[in-house]
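Engineer: quick one: sequence and predicted model below, then my questions.
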Amino acid sequence: MKRMIKDILAYLDYCLYRLGIKKCSIRVHSVEETINELITTDKSMVRFGDGEVTMIRGRSLVLQQVEPEIVEGLKRIIGYQYDELMVTIPEIFGDLSIYRKESRQFWRDHLLFSRRQYEKYCNPDKVYYNTTISRFYYSTADKSKCDSWIYEMKKIWEGKDIVIVEGGRTHNGVGNDLFDGAQSVERIIGPSHDAYVMLDEIMGVCRQYPKDRLFLVSLGVAAKFLTERLFLEGYRVLDIGNLDVEYEWYLRKATGKEKLDKHDVVGRTKNLEAGYQDYLNQIKIEIESADKGK
């Protein structure tokens with residue numbers, strides 16, 4: 001009953017905005033415009049999804065405990081201070097029919113509780129870029145666009161030397177061709193949870209690379225802060241979030257959220273058993289969680 005009441009309230013609130021009774025000034029570029037900006041410029045990108053905005057509300061996430069300094073940092077970053085650091089947010093402030101039915105309800109519920117955070121902390125003078133580029137498949141109603149989106153996205157790192165910063169379970173590009181067009185791939189493996197506390201150690205490793213490298217980061221909430229720091233030190237860095245997951249579902253033409261076996265592969269022995277020798281060869285350093293062994 002509580003869920004039904006929440007959904008009804010969320011739908012009514014959404015309708016008030018769609019009818020223009022309530023106003024929203026937040027603007028978001030299309031997926032195509034976002035991809036084109038990444039192809040034609042050397043801008044960096046930090047992504048905000050529902051999780052980061054939920055944390056701004058003071059809520060912990062599965063892989064990151066909330067801390068006051070994290071909340072304040074997220075508020076600052078979503079405020080879009082730098083022209084060369086693109087900030088993406090979900091395209092949810094207009095017509096939600098671009099999403100599948102389940103996703104439409106999810107975003108209405110999300111807005112019911114989090115719209116205030118977007119309106120308070122987003123920069124009204126900026127047009128934000130589109131988080132859907134890293135969540136391009138599952139939630140999209142019209143999947144006919146996915147082929148061209150991913151084809152264009154691969155151009156961003158085509159021919160480039162890339163450094164992937166990710167958790168030990170993530171395996172970006174492992175078992176698929178997502179990064180086959182890159183000139184080279186190296187990896188920094190960070191903690192799979194609460195990576196924020198290891199941010200200084202991760203930054204120290206990243207600084208060992210020359211600034212002609214393109215950094216691709218999948219490290220949860222910590223990725224926002226790592227992206228900002230690397231950008232301010234002159235690197236190009238893209239917070240790609242769960243792009244690999246979406247790409248796997250796209251390749252499988254999945255009709256729902258499917259579990260990926262590679263996310264259960266942890267440690268050198270398991271990776272060798274899974275046939276991930278190339279992946280292991282790409283790893284340059286592993287940074288363990290601060291609480292490991294406690």
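Structural biologist: Perfect, thanks for sending it.
Engineer: how near is the nearest residue to residue 230 once chain neighbours are set aside to residue 138?
Structural biologist: Distances taken as CB to CB, 6 or more residues apart in numbering put residue 237 closest to residue 230, at 4.4 Å, once the chain neighbours are dropped. In this view, the C-beta of every residue, glycine as well, is placed from N, C-alpha and C. With distances taken as CB to CB, to the nearest Å, residue 237 is found 25 Å from residue 138.
Engineer: give me the more crowded residue out of those two.
Structural biologist: Between residue 237 and residue 138, counted using other CB atoms under 10 Å, residue 237 has the larger neighbour count: 25 against 20.
Engineer: any regions of this structure where pLDDT drops low?
Structural biologist: 1, 289-294 (pLDDT under 70).
Engineer: the residue most central in space within it: what's it in contact with?
Structural biologist: By CA atoms, centre = their mean, the chain has its centre lying nearest to residue 241, at 2.7 Å. Neighbour list for residue 241: 47, 49, 131, 134, 135, 218, 223 [criterion: CB atoms under 8 Å, 6 or more residues apart in numbering].
Engineer: name the member of the residues you listed with the most neighbours.
Structural biologist: residue 47 (27 neighbours).
Engineer: ok, now which ones touch that one?
Structural biologist: So residue 47 contacts 87, 88, 131, 134, 223, 224, 239, 240, 241 (CB under 8 Å, 6+ apart).
Engineer: the same query, at a cut-off of 10 Å, please.
Structural biologist: 86-90, 129-135, 217, 223-224, 227, 238-243 (CB atoms under 10 Å, 6 or more residues apart in numbering).
Engineer: next one: residue 112
Structural biologist: Taking CB under 10 Å, 6+ apart as the test, what residue 112 contacts is 6, 7, 9, 10, 11, 12, 13, 14.
Engineer: same list (the residues you listed) but as JSON lines, adding secondary structure and distance to residue 273.
Structural biologist: Output for these, formatted as JSON lines (DSSP: H, G, I helix; E, B strand; the rest coil; distance: CB to CB, whole Å):
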{"residue": "6", "secondary structure": "helix", "distance to residue 273": "45"}
{"residue": "7", "secondary structure": "helix", "distance to residue 273": "44"}
{"residue": "9", "secondary structure": "helix", "distance to residue 273": "50"}
{"residue": "10", "secondary structure": "helix", "distance to residue 273": "45"}
{"residue": "11", "secondary structure": "helix", "distance to residue 273": "48"}
{"residue": "12", "secondary structure": "helix", "distance to residue 273": "53"}
{"residue": "13", "secondary structure": "helix", "distance to residue 273": "50"}
{"residue": "14", "secondary structure": "helix", "distance to residue 273": "48"}
